[in-house]
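Colleague: A structural model of the following input is requested.
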Amino acid sequence: MSARQELIRAFQHTRSFKWDPGKGFILASGEVSPFYVDCRSLMAHPDARNLVGALAHEVLGDIAFDCLGGLELGAISIATSISDYVFRATPRRAWRTFVVRKQVKGHGMGKLIEGAINPGDRALIVDDVLTSGGSLLKSVAAARQAELHVTHALVIVDRKEQNGRSRVEQEGLTVVSLLTIDDLLAGARQSA
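Modeller: Prediction:
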């Protein structure tokens, strides 16, 4: 079984994907969707984190970057899982991680981005789910403001809703998704 198939099964096993075509679920945007994707719950499981790292390592291929991160809170476990997996698999490939705060820290150094970054670094932005693209775009803006070079974004699941992918691509980014909502729906139907 491929890492992709195993990740689809992990969503089922951890009950991190729900489908209710009748009632639906209210999203952060206020819109209603028949799908609920809970990557925080998924990423609470070490085997699922390992699968995310393995699949990301596979799909990122030869994309060159120095660091990866995204908006708190969801991106922290994703970036760390990918960085750790890739380091174990290819020790010469040490991708540093960072996190973008939702708002500037009100004390200390007053940073918006925390982690191991340097101006000019090539950065990969990660997020759990792509819906409208708002979280990714916020992270991209903060990274670019910190003088990071951002050309790619990776998400665990592309919901294929609210034109999220096209909104992100309009900012000059290539979006890589480990899974789509179609994959999760097919997996749910198979296990029913």
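Colleague: when you work out contacts or count neighbours from here on, use the C-alpha atoms and nothing else.
Modeller: Will do.
Colleague: in the worst-scoring helix or strand of the chain on mean pLDDT, which residues are buried?
Modeller: Every helix and strand of the chain was ranked by mean pLDDT, DSSP states H and E. The lowest is strand 113-115, at a mean of 84. Using 16 or more other Cα atoms under 10 Å as the test for burial, strand 113-115 gives residue 113.
Colleague: so what's the residue count around residue 118?
Modeller: 12 (other Cα atoms under 10 Å).
Colleague: ok, now how distant is residue 178 from residue 85?
Modeller: Using Cα to Cα, to the nearest Å, one obtains 15 Å as the distance from residue 178 to residue 85.
Colleague: before we move on, the earlier item: partner strands of the helix or strand following the least confident helix or strand of the chain, parallel or antiparallel?
Modeller: Using DSSP states H and E, the helix or strand that directly follows strand 113-115 along the chain is strand 122-130. With DSSP bridges as the test, strand 122-130 is paired with strand 67-71 (parallel), strand 149-158 (parallel).
Colleague: the helix or strand following the first one to strand 67-71, inter-axis angle?
Modeller: What that stands for is strand 67-71. On the C-terminal side of strand 67-71, the nearest following helix or strand under DSSP H and E is helix 74-89. Helix 74-89 and strand 67-71 are oriented at 160 degrees to each other (axes from the mean of the first three to the mean of the last three Cα atoms, to 10 degrees).
Colleague: and the contacts of helix 74-89?
Modeller: Residues from elsewhere that reach helix 74-89 (Cα atoms under 8 Å, 6 or more residues apart in numbering): 39-40, 43, 49-50, 52-54, 56-57, 68-70, 93-99, 126-128.
Colleague: am I right that residue 63 is in a helix?
Modeller: No: counting by DSSP: H, G, I helix; E, B strand; the rest coil, residue 63 is not part of a helix but coil.
Colleague: in this structure, where is pLDDT below threshold?
Modeller: 105-110, 192 (pLDDT under 70).
Colleague: please name the bridge partners of the spatially most central residue of the chain.
Modeller: Centroid-nearest residue in the chain: residue 127, 2.5 Å away (criterion: Cα atoms, centre = their mean). Under DSSP bridges, the beta-bridge partners of residue 127 are residue 155.
Colleague: hmm, it is touching residue 71, no?
Modeller: Yes: contact status for residue 127 versus residue 71: in contact at 7.3 Å, counting by Cα atoms under 8 Å.
Colleague: return every residue with contacts to both of those two.
Modeller: Common neighbours of residue 127 and residue 71, counting by Cα under 8 Å, 6+ apart, are 135, 136.
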